[in-house]
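Student: have a look; sequence and predicted model below, questions after that.
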Amino acid sequence: MAEQAHPQTFGNGENQYATREDFRTILDDDLNPLYQLSFLLTADHQKAERCLVASIEDCANESRVFRAWARAWAKRVVVENAIRELKPRLSRSSSFSLPFLRNQESSSPTENFTADALLALADFERFVFVLCVLERYRENDCALLLGCSASQVREACTGAMKALAGISQAFCSGDSVRR
């Protein structure tokens, strides 16, 4: 009876669910991009590693994901684990600062600008920017994941883009944040 509730096969008899081997292949192929996603969301190497390890364990234990959706599901598991790790919430005083850029010496003023500026965003704004802009999640999907409204996601994304544009403009005009 349980076989009928969750069939493993369709008319052609081929298994349509992802297997551990499918997830192993996905993780072998996408380990670096999945870690990068985890790091951009958490902004911390240790948290990113914990998030990725938990995601790998979740993938190894999953048995009810269609094979065609497995790659997207693995990425979503990383996002969900990052959300559990940080619990990003909208705050009234979202801030944007680049304290670690001020005294940093580099050969180019824009070297590492993009990553550093993104990592300096407040958690909620960084999550929204990464999910909506970089990962192309719809506002409603992002809102569901983060437990907020679509308008809050839209406002946070706009704020993140303004903050990133402001820092970019400061670098381009020669007004360095380094003091």
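Tutor: Thanks, I have the structure now.
Student: could I get the full set of helices for this structure?
Tutor: 2-5, 20-42, 45-61, 70-86, 99-102, 113-120, 123-128, 139-146, 150-173 (DSSP state H).
Student: could you check the angle helix 139-146 makes with the last one?
Tutor: What that stands for is helix 150-173. 100 degrees (axes from the mean of the first three to the mean of the last three CA atoms, to 10 degrees).
Student: which elements pack onto helix 150-173?
Tutor: helix 113-120, helix 123-128, helix 139-146 (3 or more CB pairs under 8 Å, 6 or more residues apart in numbering; DSSP states H and E). Every C-beta, even on glycine, is put in place using the N, C-alpha and C of the backbone.
Student: how about TSV for those helices, with mean neighbour count and distance to residue 72 added?
Tutor: As requested, the helices and strands packed on helix 150-173 are exported to TSV (neighbours: other CB atoms under 10 Å; distance: least, CB to CB, whole Å):
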stretch	mean neighbour count	distance to residue 72
helix 113-120	17	22
helix 123-128	25	18
helix 139-146	18	12
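Student: out of those helices, which comes closest to residue 42?
Tutor: Among the helices and strands packed on helix 150-173, the nearest to residue 42 by CB to CB is helix 123-128 (8.6 Å).
Student: residues in contact with the closest one?
Tutor: 40-41, 43, 82-83, 86, 88-91, 94, 96, 118-119, 142, 146, 153, 156-157, 159-160, 163 (CB atoms under 8 Å, 6 or more residues apart in numbering).
Student: relative to the whole chain's centre, how far out is that helix?
Tutor: 9 Å (CA atoms, centre = their mean, to the nearest Å).
Student: so for that helix, mean pLDDT?
Tutor: The average pLDDT within helix 123-128 is 96.
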